[in-house]
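Colleague: From the sequence below, what's the structure:
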Amino acid sequence: MKSKRTLPDGAMVLGVIIMITAGIILFKFERGISKSKAAEISWIAVPAVITNIQFETNRGGAYERIVYKYSFDGKLHIGDRDGFSGGERWHVSANPGENRGHEVGENITIYIDSKNPTQSVRYLHPPSAEIVARKRLLCGVVLVLGAGLILWGAVRKVRGQP
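Modeller: Below is the predicted model:
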């Protein structure tokens, strides 16, 4: 006999998917914070030069990407990361083409992992406490939503409601 999928089954599956997705996002965000804190201890500052500033307009804003080159142990490297969390590589600018005070050829200080000098960032600091709190709260709300869907589906299934 073929089993018939019901609304509670679908709600429970959706709840699990939502919870897994929120968990992955929260894990990646927390991992970025941990990397940043560890790097504050072990990464070293080196001089770099801005080689390119690229601009892109999307999602209702203008974004800039700063590309820099640096030398370590006699080898030349190129980087473009601002920090450890995803999405930090692009800065929002008020106006398209505005470089926020940086110029190609400008000397800057970056931070590298001396054990793997291809890994570099412009900033070691973790995201602000406000941003951390917002992201954790959002993930918490999504996790509660997923758990609510699972619980709702389980209760309807126990009661025999389709």
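
Colleague: what's next to stretch 10-20, contact-wise?
Modeller: Outside of stretch 10-20, the residues that reach it under the criterion C-beta atoms under 8 Å, 6 or more residues apart in numbering are 142-143, 145-154, 156-157. C-betas here are computed from N, CA, C, even on glycine.

Colleague: ChimeraX command for the buried members of these?
Modeller: Buried residues within these, by 16 or more other C-beta atoms under 10 Å, are selected in ChimeraX with:
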select :142,143,146,149,150,153,156,157
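
Colleague: mind giving me the domain split of the chain?
Modeller: 7-41+127-162, 44-123 (automatic domain parsing).

Colleague: how about the ones you listed in a markdown table, adding mean pLDDT?
Modeller: Listed next are the domains of the chain as a markdown table, based on pLDDT from 0 to 100:
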| stretch | mean pLDDT |
| --- | --- |
| domain 7-41+127-162 | 78 |
| domain 44-123 | 78 |
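
Colleague: Need the max-distance pair from the contacts of stretch 10-20.
Modeller: Using C-beta to C-beta, the pair of those lying farthest apart is 142 and 157, separated by 22.7 Å.

Colleague: Tell me which other helices or strands the helix or strand hosting residue 46 touches.
Modeller: Using DSSP states H and E, residue 46 sits within strand 44-58. Counting contacts by 3 or more C-beta pairs under 8 Å, 6 or more residues apart in numbering; DSSP states H and E, strand 44-58 packs against strand 61-72, strand 107-113.
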